[in-house]
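K.L.:
I would like the atomic coordinates for the input below:
(one chain, ligands or ions: 1)
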Amino acid sequence: MKFLSFIYEGKNRYGILNNDSTSVIDLKIILNKLNYKIPKDLLEYIQIYSNNLDKEIKKSINQNTYEEIPLENIKILAPIPHPRRNVFCLGKNYADHAKEVDSLPNIDSSIPKHPIYFTKIADPAIGHMDNIIIPTEYTENLDYEVELAIIIGKEGKNISPDNVEEYIFGYTIGNDISARDIQTKHIQWFKGKSLDTTTALGPYIVSKSKIKLPVELDIRCKINGEIRQSSNTRNLIFNIPYIISDLSQGLTLKPGDIILTGTPAGVGAGFKPPKYLKPGDKIESIIEDIGTLINFVK
Ligand code: MG
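P.N.:
The predicted structure follows:
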């Protein structure tokens, strides 16, 4: 199933996408019919139910006629517009990307022996068709990074690599927009990764039942129709079982946590001369079996 957050008739809602991705059913209506407590948003839904209701909801959709709201009548939001904690991120988790950033100052281009973790503020995270606003007085080197995002579905600590699937709710697409000049000036990446409107997520969270481990999905990013990044998530240096297990050693992961797994080669900083984002650009972040997340640069 594909879960999404959206606005319809002026109200924030969350729901399930239909099979041909043309309409959405308000999940609160289904939960009401099934006599379940109704969470206020998709984050709270994941925290309370995780994937436990998936089968029952699917059955209820098949057996009942629910109002289907056409996608053109809704505004899609980031699936989790206000993450409860910073987004967890991995740096340099594709070998080709680790090598391409060697021209940036203060960035070591060697292949990491251990995952490089950092976090970014994404409150709010922007969603499908939303604008990325460049603070031009502050940065001239804004860059794109398409990434597979993991949504955690169950609290866990010291998770074994063999059991990580149990702790995953699903997957979405992320774009870890990065101000390279700020990122490299401060050496620590936090500020350059945390400017307003620089975390794009969506359009949907695909439940883990639709994407089995090992996750091997084509991942691409187009700028104004030109393919800049093209790889497959099988090329992750540290794969999903490794990341979740390693991150959870001594650190409790919680439902609704978001992990951005890193970006492949082809970011703007990797070109000579660099191809940074500019106002008017259209960014398409595409992952097989999930969809396409579109954003515009202002
Ligand atoms: Mg990144």
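K.L.:
mind listing what the most centrally placed residue in the chain touches?
P.N.:
To find the centre residue of the chain, average its C-alpha atoms and take the closest one (C-alpha atoms, centre = their mean): that gives Gly174, at 3.1 Å. Contacts for Gly174 were tallied using C-beta atoms under 8 Å, 6 or more residues apart in numbering; they are 87, 146-149, 199-201, 258, 260, 285, 293. To be clear about C-beta, it is placed using only N, CA and C from the backbone, and glycine gets the same treatment.
K.L.:
which strand or helix spans it?
P.N.:
Of the helices and strands defined by DSSP states H and E, Gly174 is found in strand 168-176.
K.L.:
nearest to the ion within the chain, name that residue for me.
P.N.:
Closest contact between the chain and the ion, by C-beta to the ion, is at Asp176 (3.4 Å).
K.L.:
name the residues of the lowest-mean-pLDDT helix or strand in the chain that are buried.
P.N.:
Of all the helices and strands that make up the chain, helix 95-100 has the lowest average by mean pLDDT, DSSP states H and E, namely a mean of 90. Of the residues in helix 95-100, 97-98, 100 count as buried by neighbour count, 16 or more other C-beta atoms under 10 Å.
K.L.:
these: which ones sit near the ion?
P.N.:
Taking C-beta under 5 Å from the ion, there is no overlap between the buried residues of helix 95-100 and the neighbourhood of the ion.
K.L.:
circling back: quick one: pLDDT of the residue of the chain closest to the ion?
P.N.:
Asp176 is assigned 98 on the pLDDT scale.
K.L.:
re the thing from before, now that we have the contacts of Gly174, which one has the most neighbours?
P.N.:
For these, the largest neighbour count, defined by other C-beta atoms under 10 Å, is 32 neighbours, found at Leu201.
K.L.:
got a list of what that residue touches?
P.N.:
Contacts of Leu201 were listed using C-beta under 8 Å, 6+ apart, and they are 78-80, 122, 125-127, 149, 172-174, 258, 293.
K.L.:
okay, and which of those map to strands?
P.N.:
In this view, the contacts of Leu201 that belong to strands under DSSP state E are 149, 172-174, 258, 293.
K.L.:
which stretches of the stretch 51-200 of the chain form strands?
P.N.:
Counting by DSSP state E, counting those that start in this stretch, the segments of the stretch 51-200 of the chain that form strands are 69-70, 75-77, 87-91, 116-120, 131-132, 142-143, 146-152, 168-176, 178-179, 199-207.
K.L.:
I'd like the buried residues of helix 95-100 written out as JSON lines, with distance to Pro273 added.
P.N.:
Putting these into JSON lines (distance: C-beta to C-beta, whole Å) gives the following:
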{"residue": "His97", "distance to Pro273": "18"}
{"residue": "Ala98", "distance to Pro273": "21"}
{"residue": "Glu100", "distance to Pro273": "14"}
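K.L.:
which positions in the chain make contact with the ion?
P.N.:
Near the ion, when you scan the chain using C-beta under 5 Å from the ion, you find 145, 176, 263.
K.L.:
what helix or strand is Lys37 located in?
P.N.:
Mapping Lys37 onto the secondary structure by DSSP H and E places it in no helix or strand at all.
K.L.:
not counting sequence-adjacent ones, nearest residue to it?
P.N.:
Leaving aside its sequence neighbours, Lys37 sits nearest to Ile48 (C-beta to C-beta, 6 or more residues apart in numbering; 7.0 Å).
K.L.:
are we agreed that the one you found is in a strand?
P.N.:
No: assessed by DSSP: H, G, I helix; E, B strand; the rest coil, Ile48 does not belong to a strand; its assignment is helix.
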